[in-house]
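1. Build me a model:
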Amino acid sequence: MNPRYIIAIAILTTAVSATAQAPSKTLALVNGEAITEAQVTTIAASELAALESKKAQNPTTYERDKLVIMHAALDSVIEDKLVAAEAARDRITKEQVIYSEIESNVPTPSPEEVEAFYQANKSQITIPHDQAIPRVK
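-> Numbers count the residues shown, from 1 in each chain. Predicted coordinates for the structure are as follows:
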């Protein structure tokens, strides 16, 4: 075989290999750690698949809907990394961070507020009053 062909094949193989293994685009950095497009796409895979199946029905909003899904997945990854970093810093679990930063700061509604919410939304609530009230709290 001609040495020129061997060199040409080697160059093409290297180029194809490099293209196939190209690093995923970095979408965000959290504490110096990259979040890649591949990671976000993996996390959003089921929603993207559902969107893809509906693409033919609504092609005009497909790209916008895809961006919304990707942004939500990216936000989720960023949030998870920030909570994990805070948990590691404070040597507690992520669940404890969420409770201390979010859940403990949300006041429990009064019985009057719960009843008012139920009355304002009862046309949309499909379960009986006695079952709905504990869930509203």
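2. In this protein, what helix or strand scores lowest on average pLDDT?
-> None of the helices or strands of the chain scores lower by mean pLDDT, DSSP states H and E than helix 3-20, at a mean of 46.
3. So what touches the following helix or strand past that one?
-> Going down the chain from helix 3-20, the next helix or strand is strand 26-30, by DSSP states H and E. The contact list for strand 26-30, computed with CB atoms under 8 Å, 6 or more residues apart in numbering, reads A34, I35, T36, E37, V40, L74, V77, I78, K81, L82, A85. Where C-beta positions appear, they are placed from N, C-alpha and C, glycine not excepted.
4. Can you pick out the most distant pair from these?
-> Maximum pairwise distance in those, criterion CB to CB, is 21.5 Å, between E37 and A85.
5. I figured V40 hits L74, correct?
-> Yes: with contact defined as CB atoms under 8 Å, V40 reaches L74; the gap is 5.0 Å.
6. So between those two, which is more surrounded?
-> Using other CB atoms under 10 Å, the more surrounded residue of V40 and L74 is V40, with 25 against 18.
7. List the contacts of the more buried one.
-> L27, M70, A73, L74, V77.
8. got TSV for these, with distance to T61 and pLDDT too?
-> Listed next are the contacts of V40 as TSV, based on distance: CB to CB, whole Å; pLDDT from 0 to 100:
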residue	distance to T61	pLDDT
L27	22	96
M70	14	97
A73	18	97
L74	19	97
V77	24	97
